[in-house]
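Trainee: With the input below, show me the fold.
(3 chains)
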Amino acid sequence: MTPRQRRITLVVGILAGVSLAGVLALNAFRENVMFFFDPSQVAAGDAPIEKRFRLGGMVRPGTVDREAGSLDMSFVVTDFKHDVRVVYTGVVPDLFRENQGVVAHGRLGSNGVFVADEILAKHDENYMPPEVAKAIKEKHGGVMPVNPDIRAAPQTGT
Amino acid sequence: MTEFFAMGGYAVFLWPAYLVTLIAIVANVLIARRAHDGAKQEARRRFDLEDEGSTT
Amino acid sequence: MNWTWFHRLGSPPHIYRIAGTLTPWFAWPAGLLIAAALYGGLVLAPPDYQQGEGFRILYVHAPSAWLAVMIYGVMASAAAVGLIWRMKVAHAVAASCAGVGAWFTAVSLLTGMLWGKPMWGTYWVWDPRLTAQLILLFLYLGYMGLRAGIDDLGRADKASAVLAIVGVVNIPIIRYSVEWWNSIHQAPSVMKMDRPSMPFDMLAPLLMMLLGFTLYFAAVMLVRLRAEILRRERTASWIREVLR
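Mentor: Next comes the predicted model:
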């Protein structure tokens, strides 16, 4: 082996070793790395129910219930397989909407209701002007599909 | 015009974000130029001194 | 295999001259592209159906985040070349990358916070994507600190190159964090195999920004590289020639 080949081996060796260590570490801490758990994971008992954790999913349309005259509210978080009802008191971010992603931080009560003290909105990677969004929604019966084909939407002048 | 700067109510987040980016763009040009000018000056000084040293 | 061409490429006076010639060819297109993309992103692009005008932060956040990751790739590759072929100019390239990379990693974090507050409802959460990007900033700072802390240039080059190569594992973690784990951060809109997730009049300014920022980095890095080469080749006679 020439000195250069030895140095190549060294660099490749460092990369391989660190990558392996990284993969093992990330696998071991998989659960701790999970930023949130979805309703199916909660139903399967994968979520740390005895501790505070984050619950993430979509706000099921028609389930947002605001108490008149107060900041109390409740809604259902769904992953379209399982549902969890969330109660919360406070202001929600701009993007908190029906059929939008949401991440709630709090505790799961023994009655199966999630008591949240922090609500974060999650948005997807799709960007489009309001007219295009409206046209796509109309084509899909009033609901935004999960992976809309923006190019297929009728083009509107801007 | 006011409507443009209001950015639909997001002005307080949007303009600082653009400002931070602009600062980074300008700062990095200045840092790079200063480093190069400084290195050139330093090299000139070094060679001038050596020239003097060799002539005397 | 004959490597003379490769070693000629690594000759400092050669690189110093080439870098000087190339800089304006990167700088001017970069300036024009960024200016045009600013107009396109702030004025011509329509507002988003969810985020309204606020989505325009994308046009500074995404290019900064791209630079942060791309510069690290260049830095680590140059460090590896420097380590394997004992090429000093490659180490100089790596050293010239770190400062710019750290700056734009910080910009991507700050613009992300300013975007996260109105949309997600928080400036910061310990999310995998956000945390991995913060680690990237520490990698850059660690690289620069390590170089600054070692007086012997050859040893500084070697030690910092090893750190840069070790840090490469963070790059796929940043890229795929939003797919491997549940994250509050959305998936990529452009850097993916599928079609882009936005219409043309929103996409065009973003692509121009991404290209503009890339060329801008090339220009800034080349100027820093010239400074770095001058500092390293302290006594070389060719410097006397180019400074005349």
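Trainee: C-alpha only now, for contacts and for neighbours.
Mentor: OK.
Trainee: What is the neighbour count of residue 97?
Mentor: You didn't say which chain, so I picked chain A. 18 (other CA atoms under 10 Å in any protein chain shown).
Trainee: meant chain C, my bad for not saying
Mentor: 26.
Trainee: Chain A contacts on chain B?
Mentor: Chain B has no residues near chain A, with proximity defined as CA under 8 Å from any CA of the partner chain.
Trainee: just checking, what's the longest helix in chain B?
Mentor: helix B:11-55 (DSSP state H).
Trainee: just checking, what packs against that one?
Mentor: Contacts defined by 3 or more CA pairs under 8 Å, 6 or more residues apart in numbering or on different chains; DSSP states H and E place helix B:11-55 against helix C:58-85, helix C:88-119, helix C:200-232, helix C:237-243.
Trainee: would you turn the ones you listed into a markdown table with mean pLDDT and distance to A:K81?
Mentor: Listed next are the helices and strands packed on helix B:11-55 as a markdown table, based on pLDDT from 0 to 100; distance: least, CA to CA, whole Å:
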| stretch | mean pLDDT | distance to A:K81 |
| --- | --- | --- |
| helix C:58-85 | 96 | 33 |
| helix C:88-119 | 96 | 26 |
| helix C:200-232 | 95 | 34 |
| helix C:237-243 | 83 | 70 |
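Trainee: Take those helices and write them to TSV, including distance to A:E118.
Mentor: Converted to TSV, these look like this (distance: least, CA to CA, whole Å):
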stretch	distance to A:E118
helix C:58-85	25
helix C:88-119	13
helix C:200-232	32
helix C:237-243	61
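Trainee: Mind putting the ones you listed into TSV with distance to chain A?
Mentor: Below are the helices and strands packed on helix B:11-55 laid out as TSV (distance: least, CA to the nearest CA, whole Å):
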stretch	distance to chain A
helix C:58-85	5
helix C:88-119	6
helix C:200-232	8
helix C:237-243	28
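Trainee: Show me what residue of chain B gets nearest to chain C.
Mentor: Among the residues of chain B, B:H36 lies closest to chain C, at 4.1 Å counting by CA to the nearest CA.
Trainee: And that residue, how far from C:P12?
Mentor: 15 Å (CA to CA, to the nearest Å).
Trainee: and if you look at A:E98?
Mentor: 61 Å.
Trainee: Please work out how many residues are found near the residue in chain B that chain A sits nearest to.
Mentor: Residue nearest to chain A within chain B: B:Y10 (10.9 Å; CA to the nearest CA). B:Y10 has 20 neighbours, counted by other CA under 10 Å.
Trainee: List the backbone torsions phi and psi for it.
Mentor: When read as degrees, to the nearest 10, the backbone of B:Y10 gives phi -100, psi 10.
Trainee: Quick check: residues of chain A near chain C?
Mentor: So chain A meets chain C at A:4-5, A:7-8, A:11, A:14-15, A:18-19, A:22, A:33-37, A:92-95, A:103, A:119-131, A:133, A:149-151, A:158 (CA under 8 Å from any CA).
Trainee: quick one: is the helix or strand hosting A:V132 near chain B?
Mentor: Using DSSP states H and E, the element containing A:V132 is helix A:130-139. No: Helix A:130-139 lies apart from chain B when judged by CA under 8 Å from any CA; the minimum separation is 14.0 Å.
Trainee: Could you do stretch C:60-71 as well?
Mentor: Yes: against chain B, stretch C:60-71 shows contacts by CA under 8 Å from any CA at C:V60, C:H61, C:S64.
Trainee: and which of these is nearest to A:S110?
Mentor: The nearest member of the residues of stretch C:60-71 next to chain B to A:S110, counting by CA to CA, is C:H61 at 42.0 Å.
Trainee: show me what contacts that closest one?
Mentor: B:A17, C:V107, C:S108, C:T111, C:G112 (CA atoms under 8 Å, 6 or more residues apart in numbering or on different chains).
Trainee: related to what we said a few turns ago, does the residue of chain B closest to chain A touch C:R56 like I think?
Mentor: No: applying CA atoms under 8 Å, one finds B:Y10 not in contact with C:R56, separated by 9.6 Å.
Trainee: Quick one: mean pLDDT for the strand or helix carrying C:F138?
Mentor: In this structure, C:F138 sits in helix C:128-149 according to DSSP H and E. The average pLDDT within helix C:128-149 is 94.
Trainee: Report the separation between the residue of chain A found nearest chain B and A:V143.
Mentor: Among the residues of chain A, A:D94 lies nearest to chain B; the distance is 10.9 Å by CA to the nearest CA. Relative to A:V143, A:D94 is positioned 19 Å away (CA to CA).
Trainee: now do A:S70
Mentor: 30 Å.
Trainee: In terms of neighbours, single out the busier of the two.
Mentor: Legend: neighbour count by other CA under 10 Å for A:S70 and A:V143, higher for A:V143 (14 against 9).
Trainee: list the contacts for the residue nearest to that one when sequence neighbours are not counted?
Mentor: Nearest residue to A:V143, sequence neighbours excluded (CA to CA, 6 or more residues apart in numbering or on different chains): A:K137, at 5.0 Å. Residues counted as contacts of A:K137 (CA under 8 Å, 6+ apart) are A:V143, A:M144, A:P145.
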